[in-house]
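# how would this look folded up:
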Amino acid sequence: MSKMRAVLIKGGHGPIENLYIGEADKPVPTKGQVLVKIVAFGLNRMDQYQRQGGYPVPAGVSSILGVEFSGRVTELGEGVTQWAVGDEVFGLVGGGAYAEFINCDEGLLLKKPGHLSWAEAASIPENYLTAYQALVKYGEVKKGDHVLVHAGASGVGIAAIQIAREYGAATVTATASTTEKLDWLRSIPNGATHTVNYRTEDFAAEVKKTTNGKGVNIVIDFVGQSHWAKNIESLAIDGRMTMLATLSGSEVPSVNLSAIIYKRLRIQGSTLRSRSLQYQTELIASLSFRDIIDKVTGVNGGGPIRTYIHKVYPWTEIQSAHHEMVDNKNSGKIIVEVE
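I've put the predicted structure just below:
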């Protein structure tokens, strides 16, 4: 079997210092798959957890890190009709994007627009699909809604804020941990209308002020345990909360269920990586998602929705890129380019 270079982990999992560029088997496309030569890939929190041994890889998926990428089609598997060799694409996979080549099912690829750079294209798939699923599919956002987005300066947070604004949300409140991040989130086009420092302010009290005591219609949460009670307090009657992660912990010591009942709340857990190929393909193919993607430009593109790159690293500096993510220094996406 032919070989390729990829970012590997000494011992299979461990600290950042265990990341290195080594040799792996080059994938061969099977029926319905496309082989892509990767130009750039995006970093996500799940990469950190997988590297540490705390994120099980879905069955049948490459153990190499990485779920989103941009690149050029180099080979087609049997029956592929949507793509041709040489096409410039970006897409989503269950794993394996930290490499020179990747196999991707043809329905999980999107055509890279000419106005997006390779890095910008690689920043879109996981962030925008996750935000779309959480906010539109599950949150059912509509014009006039009030929305609360936690981890506002993360890639998914920035996508969710802008999508909510594009859908006509009356207010979008974002939380983050530093003044710099909060100021930036209010400054970008279609950014947050309001911001709260969750370390020094009570976001439940703040959104009550913003909404004249009614509360928000939608909460997008990544934090879990430490935010649970205030999230329930923040929600309006018939409110919806989509939970994407539990960064502060997954066990809430004491829960009063009465507010969920009398406020008629809907709480939805959401994952993407573990969903079926059919589900992911249908999500990417949905007209409402395609409409959002068609509106995405780079930071200077002038579109109503923009993708923001925090920093681009060469893959020889993959350890530095992971340190940047783990230290929570980014406002926007961290991208790595394959050399």
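
# and the helices in the stretch 201-339 of the chain?
203-210, 228-234, 258-262, 277-285, 287-294, 318-326 (DSSP state H, counting those that start in this stretch).

# not counting its neighbours along the chain, what's nearest V255?
In space, and not counting its chain neighbours, V255 is closest to W228: 7.3 Å by CB to CB, 6 or more residues apart in numbering. To be clear about C-beta, it is placed using only N, CA and C from the backbone, and glycine gets the same treatment.

# other residues contacting stretch 46-66?
6-9, 12-16, 18-19, 24, 27, 41-42, 67, 93-99, 102, 273-274, 322, 325-326 (CB atoms under 8 Å, 6 or more residues apart in numbering).

# span of that stretch from start to end?
This stretch, stretch 46-66, spans 9 Å end to end (CA to CA, to the nearest Å).

# buried set for it?
For stretch 46-66, burial by neighbour count (16 or more other CB atoms under 10 Å) applies to 46-48, 50-51, 55, 57, 62, 64-66.

# before we move on, back to that, and the residue nearest to V255, how close does it get to S250?
When CB to CB, to the nearest Å is the yardstick, W228 and S250 sit 10 Å from each other.

# more neighbours, those two?
Set W228 next to S250 and count neighbours by other CB atoms under 10 Å: W228 wins out with 22 against 10.

# pretty sure the more buried one contacts E251?
No: using CB atoms under 8 Å, W228 is not in contact with E251, being 9.9 Å away.

# neighbours of the spatially closest residue to Q82 that is not a sequence neighbour, how many?
Spatial nearest neighbour of Q82, excluding adjacent residues (CB to CB, 6+ apart): E106 at 4.9 Å. Using other CB under 10 Å, E106 has 20 neighbouring residues.

# how near is the closest residue to K333 other than its chain neighbours to L272?
Spatial nearest neighbour of K333, chain neighbours left out: S123 (4.0 Å); criterion: CB to CB, 6+ apart. Distance from S123 to L272, counting by CB to CB: 16 Å.

# same deal with S254?
For S254 relative to L272 (CB to CB), the value is 31 Å.

# and for P314?
Per CB to CB, P314 is found 28 Å from L272.

# got a list of what A131 touches?
A131 is in contact with 156-157, 159-160, 163, 220, counting by CB under 8 Å, 6+ apart.

# 7 Å instead, please
156, 159-160, 163 (CB atoms under 7 Å, 6 or more residues apart in numbering).

# columns distance to G71 on top of those residues, output as a markdown table?
Compiled in a markdown table, these are given as follows (distance: CB to CB, whole Å):
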| residue | distance to G71 |
| --- | --- |
| V156 | 22 |
| A159 | 21 |
| A160 | 26 |
| I163 | 25 |
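
# what about those residues, which are in helices?
156, 159-160, 163 (DSSP state H).

# which one among those gets closest to L235?
The shortest gap between L235 and any of the ones in helices among the contacts of A131 belongs to A160, at 16.2 Å (CB to CB).

# and the residue nearest to the closest one when sequence neighbours are not counted, which of the three is it?
Leaving aside its chain neighbours, A160 sits nearest to A131 (4.0 Å; criterion: CB to CB, 6+ apart). Here A131 is recorded as helix under DSSP: H, G, I helix; E, B strand; the rest coil.

# read off the pLDDT value for A131.
Predicted confidence (pLDDT) for A131: 97.

# residue numbering should commence at 3 henceforth.
Sure, I'll start numbering at 3, so the last one becomes A133.

# ok, it to G73 distance?
A133 is 23 Å from G73, where distance means CB to CB.

# can you check T180 too?
From T180 to G73 the distance is 34 Å (CB to CB).

# of these two, who's got more company?
A count of neighbours by other CB under 10 Å puts G73 above the other of T180 and G73, at 28 against 14.

# that one contacts L37, doesn't it?
No: assessed by CB atoms under 7 Å, G73 is found out of contact with L37, at 9.6 Å.

# give me phi/psi at the most centrally placed residue in the chain?
The residue lying closest to the centre of the chain (CA atoms, centre = their mean) is N129, at 2.5 Å. The phi/psi pair for N129 (degrees, to the nearest 10) reads phi -60, psi -50.

# how about it, nearest residue that isn't a chain neighbour?
Distances taken as CB to CB, 6+ apart place G157 nearest to N129, at 4.0 Å, with adjacent residues excluded.

# how many other residues sit next to the one you found?
Counted with other CB under 10 Å, the neighbours of G157 add up to 30.

# so what's it up against?
Neighbouring residues of G157 by CB under 7 Å, 6+ apart: 125, 129, 334-335.

# repeat that for 8 Å
Taking CB under 8 Å, 6+ apart, we find G157 in contact with 44, 46, 125, 128-129, 334-335.

# please apply the same query to E80.
Residues near E80 by CB under 8 Å, 6+ apart: 32-34.

# please tell me which one of those counts the most neighbours.
Result: G34 is most packed of the contacts of E80 (other CB under 10 Å), 17 neighbours.

# how much space is there between that residue and M6?
21 Å.

# do L131 as well
Going from L131 to M6 by CB to CB gives 26 Å.

# about what we covered before: with respect to A206, which of the contacts of E80 is nearest?
For those, the nearest to A206 is G34 (47.3 Å; CB to CB).
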